[in-house]
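[1] mind looking at a prediction? Sequence and model below.
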Amino acid sequence: IFLALLRHGKTADHGASEGAIDPHLQRVLRQSRVGAVGGVLIKNQTGLIRETSSFLAKQTKKYEKVTVTSKNPAKELATQIHQKIPIIYSTCDYFDTVAIRWKQQICENAKNLVFVNFFPEFNHNELVGWQNDNLKRDFTVLFLKDRDDHKRIKARMDIVKEIIESQKIEVIEIESRGKS
């Protein structure tokens, strides 16, 4: 990623050398007749982008409609939460947006209620609600986890998982894959 600071005029280069600027950006700058370019090279992410693209291409096959349920994680999960009310717990750091998006998708596409909360906020209030026995048989809990979750959050998740499972409620842990 290259952050460019542009300045009009007929002055010399005021920052990164042309070798540090992406060739495509160089062409764009020349065509726009910019006189001077100052910039900061943040970090070349090309390798990471290629690696992520390759990883996603491989993963896509698992999730195709024609893939049998036993080899399709999305279909397996759909089977596990069918006729249940999913409660999705994740961290605020990595998966809050994913948890909300999953909730939206399940509500819209499966026409099913879903609830979401986040660690550590969950531990302040919602944990007490698990003492109510009235609806527990209808719930399935999904934990969205990442290897980079903070160690204290991981410990909280493990404790909460034990509490919920001790009440005979299914807990499904879904771990992120890939390096980024």
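    All right, it came through fine. What you see is a predicted model; the values in this text were computed from it and never measured.
[2] tell me which stretches of the protein form helices.
    23-31, 46-62, 73-81, 96-110, 121-124, 126-129, 151-165 (DSSP state H).
[3] make CSV out of those helices and add mean pLDDT, distance to Ser90 and mean neighbour count.
    The way it works is simple: take the backbone N, C-alpha and C, and place the C-beta from them, glycine included. Shown next, in CSV, are the helices of the chain (pLDDT from 0 to 100; distance: least, C-beta to C-beta, whole Å; neighbours: other C-beta atoms under 10 Å):
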stretch, mean pLDDT, distance to Ser90, mean neighbour count
helix 23-31, 58, 37, 12
helix 46-62, 83, 19, 11
helix 73-81, 93, 15, 15
helix 96-110, 93, 4, 14
helix 121-124, 77, 9, 14
helix 126-129, 80, 13, 12
helix 151-165, 91, 9, 15
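[4] let me have the ones you listed in CSV, extended by distance to Leu142.
    Shown next, in CSV, are the helices of the chain (distance: least, C-beta to C-beta, whole Å):
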stretch, distance to Leu142
helix 23-31, 42
helix 46-62, 18
helix 73-81, 7
helix 96-110, 8
helix 121-124, 13
helix 126-129, 14
helix 151-165, 11
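[5] tell me which of those sits nearest to Ser176.
    Closest of the helices of the chain to Ser176 is helix 96-110, at 8.8 Å (criterion: C-beta to C-beta).
[6] residues in contact with that closest one?
    78, 81, 86, 88-90, 112-116, 118, 142, 144 (C-beta atoms under 8 Å, 6 or more residues apart in numbering).
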